[in-house]
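1. my questions are about this predicted structure, shown below with the sequence.
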Amino acid sequence: MPRIRFDRVEKSFGRTLVLPPLDLTLEDGEFTVLVGPSGCGKSTTLRLVAGLETLSGGEIWFDDRAIGKLEPKDRDVAMVFQDYALYPHMNIARNMSFALRLARQPKARIDSEVRRVAEMLNIAHLLERKPAELSGGQRQRVAMGRAMVRDAGVFLFDEPLSNLDAKLRARMRTELAEMRDTIDKNMIYVTHDQIEAMTLGDRIVVMNEGTIQQQGTAEDLFANPVNRFVAGFIGSPA
Ligand code: ADP
Ligand code: MG
């Protein structure tokens, strides 16, 4: 698993600078949450890691490998999107195995990998069903499973719970927190939801308007917010 380092990362769309030079290091095996209000640059940051946007400046490093110019498929990342489009005509097993089948992995290996991940996500009993027969929360787990069967070093989550209702979101949050402790991967998780961030993050990075305001554990941020923005956003009394 690589250590991820953002080195003076910049992104502009036309003349609009969305990310001024951004420096950030994520240690090996950490569950990092990027949290901040809508429009602050969270998705853009994630998309730069995934290779879905090109850098306007700086570099992203996975250990000593510069990945900024690599094709998405060569980056060792897997991304779970907010609007998890599953293939409606394929059953859950085939949805989950899609990338592995494309990579022409042996069938026995694909089957055992799909089963392992499905059991971890508690969807093993749904493998023969079609997406339309599943609830929103189950579909969300399939979308995660589809990314997780790929043995990527880095998993990227862009607001994966934001389309769920409040009750289901709370349940998924708890399940993710449990899952987090059993998966030994680098994860970068983007959300605008403070509770999600505080529950899930080993490290929490608070962003506003493209800049990092503060990073630390939930306890650090709550006890010692560096400014009013962080205090207000985290809801700490300071
Ligand atoms: P977040 O995910 O934190 O809500 P984004 O990274 O999606 O924020 O967006 C950050 C800023 O960049 C916003 O002002 C948004 O309007 C702008 N932006 C994002 N993508 C594009 C794009 N493809 N073209 C122009 N502006 C964009
Ligand atoms: Mg976003």
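-> All right, it came through fine. Ligands and ions are numbered 1, 2, ... in the order given.
2. drop to CA atoms for contacts and neighbour counts, all remaining ones
-> Noted.
3. just give me the longest helix of this protein.
-> The longest helix of the chain (DSSP state H) is helix 166-182.
4. list the neighbouring strands of the helix or strand just after that one plus their orientation.
-> On the C-terminal side of helix 166-182, the nearest following helix or strand under DSSP states H and E is strand 186-191. Sheet partners assigned to strand 186-191 using DSSP bridges are listed as strand 31-35 (parallel), strand 154-158 (parallel).
5. now mean neighbour count too, for those, in TSV please.
-> Below are these laid out as TSV (neighbours: other C-alpha atoms under 10 Å):
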stretch	mean neighbour count
strand 31-35	25
strand 154-158	22
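6. and the helix-or-strand element of the chain with minimal mean pLDDT, how far out from the chain's middle?
-> None of the helices or strands of the chain scores lower by mean pLDDT, DSSP states H and E than helix 166-182, at a mean of 82. The chain centroid and the centroid of helix 166-182 are separated by 14 Å under C-alpha atoms, centre = their mean, to the nearest Å.
7. repeat that for stretch 68-77.
-> 16 Å.
8. repeat that for stretch 226-236.
-> With C-alpha atoms, centre = their mean, you get 23 Å for stretch 226-236.
9. average model confidence for that stretch?
-> Mean pLDDT, stretch 226-236: 89.
10. repeat that for stretch 81-91.
-> Stretch 81-91 comes out at a mean pLDDT of 83.
11. that one and ligand 1, are they touching?
-> No - using C-alpha under 6 Å from any ligand atom, stretch 81-91 stays clear of ligand 1, coming no nearer than 10.5 Å.
12. same deal with stretch 34-52?
-> Yes - judged by C-alpha under 6 Å from any ligand atom, stretch 34-52 and ligand 1 are in contact via 38-44.
13. just list whatever residues bridge to the most centrally placed residue in the chain.
-> The residue lying closest to the centre of the chain (C-alpha atoms, centre = their mean) is Phe157, at 2.0 Å. Using DSSP bridges, the beta-bridge partners of Phe157 come out as Val80, Tyr189.
14. thought it was touching Leu176?
-> No - with contact defined as C-alpha atoms under 8 Å, Phe157 and Leu176 do not form a contacting pair (11.5 Å).
15. Asp23 in helix, strand or coil?
-> Assigned with DSSP: H, G, I helix; E, B strand; the rest coil, Asp23 falls in the strand class.
16. you'd agree it is up against Asp7?
-> Yes - using C-alpha under 8 Å, Asp23 is in contact with Asp7, at 5.1 Å.
17. in which helix or strand would I find Leu161?
-> With DSSP H and E as the criterion, Leu161 is inside neither a helix nor a strand.
18. likewise Met144?
-> Using DSSP H and E, Met144 falls in helix 136-148.
19. in that helix, which residues are buried?
-> 136-148 (16 or more other C-alpha atoms under 10 Å).
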